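A.B. asks: Give me the fold of what follows.
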Amino acid sequence: MKRRHFLSYSLLFLAGCSAIAPNPNPTSATLNIDKLRLTVTDVPEPERLLQDYETFRQELEAVLGIPVEFVPVNNQIEAASALRLNQVDMALAGPSEYVVINARTNARPLIGITRPNYYSVIATKTGQNIESLEDLKGKTIALSDVGSTSGHLGPTKLLIDAGLDPQTNVKVLMLGDEGSIEAIATGAVAAWGGSAVDYSTFLNSEEEFPIIAETPPLPSDIFMVNSQLDSRTVAALRDRMVENQERLIAALVEGESTQKYKDSELFEAQDSDYDLIRQVYEAIGEGELIEN
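C.D. replies: The predicted structure is shown next:
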C-alpha cells in the first residue's frame, strides 16, 4: 500500500489557520500540547476536509485555545498508522473503524457523538412470505458495504440474535447501497438490511417493503485520541469539548457530508460501548481484524 507522508500538508492548511482566541471555558485540567493534529478517517481528500470540516476546525481551535491542524489519511489503516507513530493526536471515526484502529494502536475513546436515527433495519418485500427473521433461514439477504456499521454489522447482529449463523444459515450478498436496494426492489433477494435512513430515503413503504426487525441505537461515532497523550491533556480535551458541545455541533453541521450530525450530542465514550461491533466481527469469522 502506498503510504502518504502525513506531514506534507502543512502548506495547504496554513491558509485555514486563524488567530487563536483564549479558551472561554477553562477547566482544572491542562492541555500539555501546543497544537492538536486532527484526522477524519473516512475523508481522504484534503479538499473535502476543508469543505466539510473547516468551520469545525476553527471552532475547536477557539474552544481549546491551541492550533488545530488537519492530517488527511486515505483509510482506517493509515489512520491507525498515524496514531501509532504519533503523527495524529485525535481521529473522528465510525464505530467499526474505531474497534479496528483500537486493536492496532490502543488509541483511547474520548468523545462519542450521537447520530439521530442511527440504527439498522431488515426489510423484506411483500409476497415473499417472510414475517420474521427466522423465516430467512436458507434465503438470501442483500447488505451494503463490508464493515459498514449500519449497512453490514447492524443487520448481521439482528440475524445472530435471531439464532441465525450469518455464515451458514443465510446467504449474504454485499452489494453496496445502490445494488442492495435494487436487489430487494426487483425481488432478487428475500430481504434487505441497512440503515434506517437509507430505508426511509429509498424504500419507505411498509406496505411494499415491511420491516421485520430493527436494532436499538447503534454505537456512536467517536473521537479517539493517541495513546501517548497524557491523562491531564485527555481530560482537558474531553471536558472542553463536552462543555462547548453546542458550539462544536453547530460548526460541524456546516459541511455537506456532516448533516448526519444534526441534533447530535457529545458524551464521554467508553470502550465497552463498542463490544457489539466486536461480537459481530467474531461471528462473521473476521476476529483477526480486532485482535490486539
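A.B. asks: The stretch 151-292 of the chain: strands as residue ranges?
C.D. replies: All strands of the stretch 151-292 of the chain, identified by DSSP state E, counting those that start in this stretch, fall at 171-174, 191-195, 211-214, 221-225, 266-268.
A.B. asks: out of those strands, deepest packed?
C.D. replies: Stretch with highest mean neighbour count among those: strand 191-195 (a mean of 28; mean count of other C-beta atoms under 10 Å). No exception for glycine: its C-beta is placed from N, CA and C like everyone else's.
A.B. asks: packing partners for it?
C.D. replies: Where contact means 3 or more C-beta pairs under 8 Å, 6 or more residues apart in numbering; DSSP states H and E, strand 191-195 is packed against strand 120-124, strand 140-143, helix 154-161, helix 176-186.
A.B. asks: Which one, of these, ends up nearest to R238?
C.D. replies: Across the helices and strands packed on strand 191-195, R238 has its closest neighbour in helix 154-161 (26.9 Å, C-beta to C-beta).
A.B. asks: What is the distance between that closest one and the centre of its chain?
C.D. replies: Here the centre of helix 154-161 is set off from its chain's centre by 18 Å, with C-alpha atoms, centre = their mean, to the nearest Å.
A.B. asks: which strands and helices sit next to that helix?
C.D. replies: Helix 154-161 is packed against strand 120-124, strand 140-143, strand 191-195, helix 275-283, with contacts defined by 3+ C-beta pairs under 8 Å, 6+ apart.
A.B. asks: which intervals of the stretch 151-292 of the chain have sub-threshold pLDDT?
C.D. replies: Where the stretch 151-292 of the chain drops to pLDDT under 70, the residues are 292.
A.B. asks: that older thread, okay if I get the strands of the stretch 151-292 of the chain as CSV plus distance to D161?
C.D. replies: As requested, these are arranged in CSV below (distance: least, C-beta to C-beta, whole Å):
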stretch, distance to D161
strand 171-174, 15
strand 191-195, 13
strand 211-214, 9
strand 221-225, 23
strand 266-268, 25
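A.B. asks: Would you mind saying which of those strands lies nearest I101?
C.D. replies: strand 221-225 (6.8 Å).
A.B. asks: Convert that closest one to CSV, retaining C-alpha atoms only.
C.D. replies: Taking Å, rounded to 0.1, in the frame of the first residue of the first chain, the C-alpha atoms of strand 221-225 are listed here in CSV:
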residue,chain,number,x,y,z
ASP,A,221,-19.3,7.8,16.0
ILE,A,222,-16.3,8.6,18.2
PHE,A,223,-13.4,11.0,18.7
MET,A,224,-10.4,8.8,19.7
VAL,A,225,-7.1,10.1,20.9
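A.B. asks: Sheet-wise, list the partners of it with their directions.
C.D. replies: Sheet partners assigned to strand 221-225 using DSSP bridges are listed as strand 90-93 (antiparallel), strand 108-113 (antiparallel).
A.B. asks: average pLDDT across the following helix or strand past the first one?
C.D. replies: Proceeding C-terminally, strand 90-93 gives way to helix 95-105 as the next helix or strand, assigned by DSSP states H and E. The average pLDDT for helix 95-105 rounds to 94.
A.B. asks: what helices or strands is helix 95-105 leaning on?
C.D. replies: Under the contact definition 3+ C-beta pairs under 8 Å, 6+ apart, helix 95-105 sits against helix 76-84, strand 221-225, helix 275-283.
A.B. asks: Now A103: closest residue in space, sequence neighbours ignored.
C.D. replies: The shortest distance from A103 to any non-neighbouring residue, by C-beta to C-beta, 6 or more residues apart in numbering, is to I290 (4.6 Å).
A.B. asks: and if you look at L229?
C.D. replies: Of all residues not flanking L229 in the chain, D89 sits nearest, at 6.4 Å (C-beta to C-beta, 6+ apart).
A.B. asks: was I right about that neighbour contacting L38?
C.D. replies: Yes - using C-beta atoms under 8 Å, D89 is in contact with L38, at 7.0 Å.
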